[in-house]
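>>> whatever this is, show me its structure:
(one chain, ligands or ions: 1)
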Amino acid sequence: MASDPASPTRHQPVLLREVLDQLQLEPGAVIVDGTFGGGGHTRAIAERIGPTGRVIAVDRDPSAVARAESLAETLPITPRLGNYCDVPEILRELGLETVDGILLDLGLSSDQLADDDRGFSFQSTGPLDLRFDPSRGEPAWRLLEHINERALADLIYRYGEERYSRRIARAIVERRRKREPIRTAADLADLIRRCLPRQRGRIDPATRTFQALRIAV
Ligand SMILES: C[S@@+](CC[C@H](N)C(=O)[O-])C[C@H]1O[C@@H](n2cnc3c(N)ncnc32)[C@H](O)[C@@H]1O
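I've put the predicted structure just below:
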């Protein structure tokens, strides 16, 4: 089920105290949170810098930005939908030449992982979408329907640093030839686990391929 922006976040900010210490926040500070997510870090920062300060809260995910907008009703937060790579441009638009700190908390939020329609969790049985912003580009399941085997192997190797990229690409394209294309995250994770050797360390064998596809879409 798609996440409701009005609903409270499930995400617990990681290393909150350490992040706040590192930022050395003063009242009136201007801070960029380039990965707003559930807003736990932003909220704590905004409370410390007070009404004369400002948190520029950026996220690529429109549901995260909707949460930021609701938090901005009571705290000094300026929400922006976008990529953290675009922060210099966002600051220019806001007329800000310098900021006092930048936070990037990379990865996925628990809200995204819990949303079965987005395919971020390996167990997800909803569509394998994998886009942070579902209004742009194409979902991963569709990419897997038309990308050629070599380009897919290169993509998995380049963005996922997956040494078994060719084997995984072959298995995906083979499924397509049999007219049983990959549609869900659970399906893709299962296929990857079956075509890779066991015991590759502590991470799930599907991790690198999912990372590559998230970057690609
Ligand atoms: C681990 S969560 C951040 C959690 C947040 N610090 C909190 O306290 O709730 C990571 C967030 O980064 C966002 N994200 C991932 N890649 C991004 C990018 N290139 N630009 C902006 N946001 C991005 C995701 O949509 C997700 O919401």
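>>> please count neighbours and contacts with C-alpha atoms only from this point.
Fine.
>>> show me how this structure divides into domains.
Using automatic domain parsing, the domain parsing of the chain gives 16-110, 116-216.
>>> looking at these, which is nearest to the ligand?
Closest approach to the ligand among the domains of the chain (Cα to the nearest ligand atom): domain 16-110, 3.2 Å.
>>> distance between the ends of that closest one?
Terminal residues of domain 16-110 are spaced 16 Å apart (Cα to Cα, to the nearest Å).
>>> give me the distance from it to the chain's centre.
Centroid separation for domain 16-110 versus its chain: 16 Å, with Cα atoms, centre = their mean, to the nearest Å.
>>> so for it, mean pLDDT?
For domain 16-110, mean pLDDT rounds to 97.
>>> does it reach the ligand?
Yes - using Cα under 6 Å from any ligand atom, domain 16-110 comes into contact with the ligand via 34-41, 58-61, 64, 82-84, 105-109.
>>> and these, which are buried?
By neighbour count, with 16 or more other Cα atoms under 10 Å, the residues of domain 16-110 next to the ligand hold 34-41, 58-61, 64, 82-84, 105, 109 as buried.
>>> tell me which of those residues fall in strands.
V58, D59 (DSSP state E).
>>> confidence score at A6?
For A6, pLDDT reads 55.
>>> now the residue sitting furthest away from the middle of the chain: how far from A169?
Taking Cα atoms, centre = their mean, the residue of the chain most remote from its mean C-alpha position is K178, at 31.7 Å. Going from K178 to A169 by Cα to Cα gives 14 Å.
>>> for the residue sitting nearest the centre point of the chain, give me its contacts.
When Cα atoms, centre = their mean is applied to the chain, the residue found nearest the centroid is L108 (4.4 Å). By Cα atoms under 8 Å, 6 or more residues apart in numbering, the contact set of L108 is G37.
>>> please begin residue numbering at 843 from this point
Understood, numbering begins at 843; the last thing we discussed is L950.
>>> so how far is G895 from it?
According to Cα to Cα, L950 and G895 sit 27 Å apart.
>>> neighbours of E939, how many?
Neighbour count of E939, defined by other Cα atoms under 10 Å: 9.
>>> so which strand or helix has it?
Following DSSP states H and E, there is no helix or strand that holds E939.
>>> measure the residue nearest to it when sequence neighbours are not counted to V900 for me?
Among residues not flanking E939 along the chain, L933 sits closest, at 6.9 Å (Cα to Cα, 6 or more residues apart in numbering). Separation of L933 from V900 (Cα to Cα) stands at 11 Å.
>>> can you pull the contacts of Y1006?
By Cα under 8 Å, 6+ apart, the contact set of Y1006 is Y999, L1038.
>>> and what of L865?
G943.
>>> with I932 instead?
Per Cα under 8 Å, 6+ apart, neighbours of I932: R922.
>>> and what of R885?
R885 is in contact with L913, L917, counting by Cα under 8 Å, 6+ apart.
>>> got phi/psi on it?
R885 adopts backbone torsions of phi -60, psi -50, taken as degrees, to the nearest 10.
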